[in-house]
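**Student:** here is the input, now give the coordinates:
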Amino acid sequence: MPRIIAIANRKGGVGKTTTTVNVATAMAATGKKVLVIDLDPQGNATTSMGINKKGRMASSYEVLLGERTLSEAVVWTEIPNFSIVPSSADLAGAEVELVDMPNREFALKKAIVQSAVNYDYVLIDCPPSLSLVTINALVAANAVIVPLQCEFLALEGITDLIRNINIIKKKFNPGLELQGVVLTMYDKRNNLSQMVEDDVRNFFGKKVYQTVIPRNVRISEAPSHGKPVLLYDFKCSGSQAYISLTGEVLKREKELIAC
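**Tutor:** The predicted structure follows:
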């Protein structure tokens, strides 16, 4: 079975999708077979990989509802070892449709267990909410990565996410671990970024990755070209930061597996 990592934060615009696709790209470059599951109705991970969402293709929506297998929804990208299950706008209504399903919290886990055996890692891009869709991701996951934007209200709301992770660990998924918190949109010219970093490191300690993701225009431009920033501009500071972050993620994965 692959290792399953959910990338989650209840706030939008903090770098969840960017972190998902670029960590997945860097993992694939090391020879790991990686699957990204786009669970956000906005489908930003799907767009970021240059996939046309208007095409009639199977999506994570059908997978969640058990209408398609994970294998049937997989789309291969131009990056070797990297495939994706695209999103659909229909995911916005999945919350209502999942309510009456038996074992509704385990729908995604069941789909992954049945079809994802040939991958080393499955990365799940979660929606910016603590919805039943996000709960499915956390129940399926071995670990969670939380991107945290370097802004004044960065810690507001994250305590709710951590509390929910602990509840899910207790009720549904005893193996779930917070792998780490990654600081995103870091501006070293701004004293606020340093203040937020100090607060977050004091609060989470060693759970915070040493690598910080800088505020970088190339990161912002890459999705419009349908590419991860690692392909769009390999030499930019954003790409180099994601390479470093992926090294930390893989190291922590080894430590978690060894425990």
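
**Student:** C-terminal to the helix or strand hosting I4, what's the next element?
**Tutor:** Counting by DSSP states H and E, the element that carries I4 is strand 3-7. Sequence-wise, the next helix or strand downstream of strand 3-7 (DSSP H and E) is helix 16-29.

**Student:** check the offset of that following helix from the chain's centre.
**Tutor:** 8 Å (Cα atoms, centre = their mean, to the nearest Å).

**Student:** same check, this time on stretch 215-224
**Tutor:** Counting by Cα atoms, centre = their mean, stretch 215-224 comes out at 18 Å from the chain centroid.

**Student:** also stretch 252-259?
**Tutor:** Distance, centroid of stretch 252-259 to centroid of chain: 19 Å (Cα atoms, centre = their mean).

**Student:** quick one: buried residues of it?
**Tutor:** Within stretch 252-259, the residues that count as buried by 16 or more other Cβ atoms under 10 Å are 252-253. (Glycine included, C-beta is placed from N, CA and C.)

**Student:** send the alpha carbons of that stretch over as PDB?
**Tutor:** Below are the C-alpha coordinates for stretch 252-259, written out as PDB (Å, rounded to 0.1, in the frame of the first residue of the first chain):
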ATOM      1  CA  ARG A 252      10.000  12.400   8.000                       C
ATOM      2  CA  GLU A 253       8.100   9.700   6.100                       C
ATOM      3  CA  LYS A 254      11.000   7.300   6.800                       C
ATOM      4  CA  GLU A 255      10.900   8.300  10.500                       C
ATOM      5  CA  LEU A 256       7.200   7.700  10.700                       C
ATOM      6  CA  ILE A 257       7.400   4.400   9.000                       C
ATOM      7  CA  ALA A 258      10.200   3.300  11.300                       C
ATOM      8  CA  CYS A 259       8.100   4.100  14.400                       C
END
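
**Student:** and the strands in the stretch 101-250 of the chain?
**Tutor:** Taking DSSP state E, counting those that start in this stretch as the criterion, the stretch 101-250 of the chain contains strands spanning 121-125, 143-149, 177-184.

**Student:** could those go into JSON lines alongside mean neighbour count and mean pLDDT?
**Tutor:** Below are the strands of the stretch 101-250 of the chain laid out as JSON lines (neighbours: other Cβ atoms under 10 Å; pLDDT from 0 to 100):
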{"stretch": "strand 121-125", "mean neighbour count": "27", "mean pLDDT": "98"}
{"stretch": "strand 143-149", "mean neighbour count": "23", "mean pLDDT": "96"}
{"stretch": "strand 177-184", "mean neighbour count": "22", "mean pLDDT": "96"}
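
**Student:** fine, thanks again, bye for now.
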